[in-house]
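Chemist: Coordinates only, no sequence provided:
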């Protein structure tokens with residue numbers, strides 16, 4: 001079975017799609033290229049380098065994409081063994097990934113898993 005990905009849907013909204021819609025067409029295309037690259041590496045059994053994907057905490061990871069003049073992060077987690085679920089994305093304004101963004105990803109994961 002191969003790795004696949006999906007976008008989390010919470011309360012009839014898909015935060016990752018909303019983020020992608022806020023990007024230019026060129027940036028959006030680059031995001032999908034990086035998502036495809038992540039999936040391809042995982043399916044080949046190759047661990048992605050930290051400049052592409054990094055574990056943040058508690059099973060939450062970030063996909064790192066740099067555009068011409070700004071940087072984006074898309075947070076995700078693994079659901080079941082080979083399903084990657086993207087929770088949301090944001091444009092990075094500071095050095096570290098903001099704690100509230102990690103918290104948001106964890107809360108989306110909790111909702112999807114039906115946890116309290």
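Modeler: Looks like it arrived, so ask away. Everything numeric in this text was worked out from a predicted model, so none of it was measured.

Chemist: which SS state does residue 91 fall under?
Modeler: strand (DSSP: H, G, I helix; E, B strand; the rest coil).

Chemist: what bits of this protein have low per-residue confidence?
Modeler: Across the chain, residues meeting the criterion (pLDDT under 70) sit at 116.

Chemist: so where do the helices sit in it?
Modeler: 15-21, 25-43, 99-112 (DSSP state H).

Chemist: Make TSV out of those and add mean neighbour count.
Modeler: No exception for glycine: its C-beta is placed from N, CA and C like everyone else's. As requested, these are exported to TSV (neighbours: other CB atoms under 10 Å):
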stretch	mean neighbour count
helix 15-21	17
helix 25-43	15
helix 99-112	16
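
Chemist: For residue 59, which of those helices is the nearest?
Modeler: Shortest distance between residue 59 and these, using CB to CB, is found for helix 99-112: 7.8 Å.

Chemist: what would the helices of the chain look like in a markdown table with distance to residue 67?
Modeler: What follows is the helices of the chain, written out as a markdown table (distance: least, CB to CB, whole Å):
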| stretch | distance to residue 67 |
| --- | --- |
| helix 15-21 | 13 |
| helix 25-43 | 5 |
| helix 99-112 | 18 |
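
Chemist: Of all those helices, which one is nearest residue 90?
Modeler: So among the helices of the chain, helix 99-112 is nearest, using CB to CB, at 5.7 Å.
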